[in-house]
Each structure stands twice: as C-alpha cells, then as structure tokens.
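Chemist: Let me see the structure of the following:
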Amino acid sequence: MCKLLEFENRYYQQGYDYIIGLDEAGRGPMAGELVVAGVIFPQGFYDERIYDSKQLSAKKRETMYDIIIEHALAYHIEIISVADVDKLNVYRASQKGMEKCVEKLKRETMFALTDAMPLHHINHLAIIKGDTLSLSIAAASILAKVTRDRLMIRHAEEYPEYGFEKHKGYVTKSHKEALARLGPCPIHRRSFKPIQQYMQEQMSLDI
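Modeler: Sure, this is the predicted structure:
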C-alpha cells in the first residue's frame, strides 16, 4: 500500500465513500490573498508525482495542477480577500476557507483530511505535515499554491515596484526594502506585523 494513501484507505475501510483533502497557500505572506483548495479523488487513485507543493518546482506544480484537475472527481478553490484575512486573522480565514470547500463539495459519507487545521462540525482528521503524508492533501496544496502564485504574478503587473512575481508577497529582504521605500499598496495585509510597524513608524514621523 502506498504511504501517501494510508490515511485515505483508513477512512475508506471505516465506511466513508469520499475523502476530501484540504490545504492552503499564503498564510505567511504580508501581501496578497489567501487561497484554500479541496480535492476529492476516485477511490484508489494514485500518481507518484503528486506531493507537497513546497517541494516541487513551479514548472512541476503547473503540470501537476492540470493532472489533478483532470483526474479529480471534484475540486474547489476558495480565494479569500486581503480584507477578509485582516478581518478574520489568517488562521481563522484558513479554517473558514476549508469549511467552505467542504460545503461546496459536500457528499454523504465524506471524510476530510486537512493539513494540521481542525474544523467545526465536519468529520475530519488534522494531520501535521499532512501535505507530505496524504495524496489528497498534497493535491490540494498544489491547486492552492499554483492559484496563489498566478494571482501574485497578476498583482506584479499592477504594482511592478514591489517584485511580487519573485517573492509572492512573503517577507523577504527585497520585499521589506520595497515596503520601506514605497509604503504599503492595496494588497498588503494591514494586520501583519511588518505592515503595522511601517505604519506606526510613519505615524511617529508625522507627530
């Protein structure tokens, strides 16, 4: 039995007919949307190329994105706005996004596998490093990551001075330098510490 199907097979054996894998991309960046994805594969489906999105190249993720969509019984991608991330906090926004994916893909006798995220009122298992231990979660991580990277590349066209196409909104040296030089743009998360620090510094200079 393939190691990446151990959790899926465990819950099939318990009588569940559908397993949904859930993961997110974009909890750490200080700019851009949060993206959550859910994937349901046919029972027994396996592709050795599907793995944790962070361990695949961008080119490989793009290839696997199309393969996952082709072979999935169903999938859903939830894009959570910067405003909602600021309003809810990134943890709750991730959780809410996963719960929305489950709602959109709901089936009888369905069980959810998440990447370390507990859910409300849903039969599920939160697995630490789940994107390296479950095929379904790994597939969700790829859909979420590819979708978010595409969004950030589009944002880079609108705000070219920030280099979003390179760092994808994460807190890198070049991103912090651009923030210090230009200030936040509309897709920066005001609730995140580097942005708050910048705004506080600006307020102190105005006094």
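Chemist: C-terminal to the helix or strand R10 falls within, what's the next element?
Modeler: Per DSSP states H and E, R10 falls inside helix 6-13. Elements were assigned by DSSP H and E; along the chain past helix 6-13, the next helix or strand is strand 18-25.
Chemist: Restrict whatever helix or strand comes next after that next one to CA atoms and write it as PDB.
Modeler: Toward the C-terminal end, the helix or strand that comes next after strand 18-25 (DSSP H and E) is strand 34-40. The C-alpha coordinates for strand 34-40 follow below in PDB (Å, rounded to 0.1, in the frame of the first residue of the first chain):
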ATOM      1  CA  LEU A  34      -5.100  33.500   0.900                       C
ATOM      2  CA  VAL A  35      -6.000  30.500  -1.200                       C
ATOM      3  CA  VAL A  36      -7.600  27.300   0.100                       C
ATOM      4  CA  ALA A  37      -8.300  24.200  -2.000                       C
ATOM      5  CA  GLY A  38     -10.200  20.900  -1.600                       C
ATOM      6  CA  VAL A  39      -9.700  17.800  -3.800                       C
ATOM      7  CA  ILE A  40     -11.600  14.500  -3.900                       C
END
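Chemist: mean confidence score for strand 34-40?
Modeler: Strand 34-40 comes out with an average pLDDT of 98.
Chemist: could you say what helices and strands that strand packs with?
Modeler: Counting contacts by 3 or more CB pairs under 8 Å, 6 or more residues apart in numbering; DSSP states H and E, strand 34-40 packs against strand 18-25, strand 74-80, helix 90-104, helix 135-158. Where C-beta positions appear, they are placed from N, C-alpha and C, glycine not excepted.
Chemist: how far is the longest one from where the chain is centred?
Modeler: Yep, that's helix 135-158 we're talking about. For helix 135-158, the gap between its own C-alpha mean and the chain's C-alpha mean amounts to 7 Å (CA atoms, centre = their mean, to the nearest Å).
Chemist: hang on, the earlier thing: other residues contacting the helix holding R10?
Modeler: Contact with helix 6-13 is made by 1, 19, 41, 43, 111, 113, 125, 127, 130, 133-136, as judged by CB atoms under 8 Å, 6 or more residues apart in numbering.
Chemist: Hey, what's the angle from it to strand 18-25? Just curious.
Modeler: Interaxial angle of helix 6-13 relative to strand 18-25 (axes from the mean of the first three to the mean of the last three CA atoms, to 10 degrees): 150 degrees.
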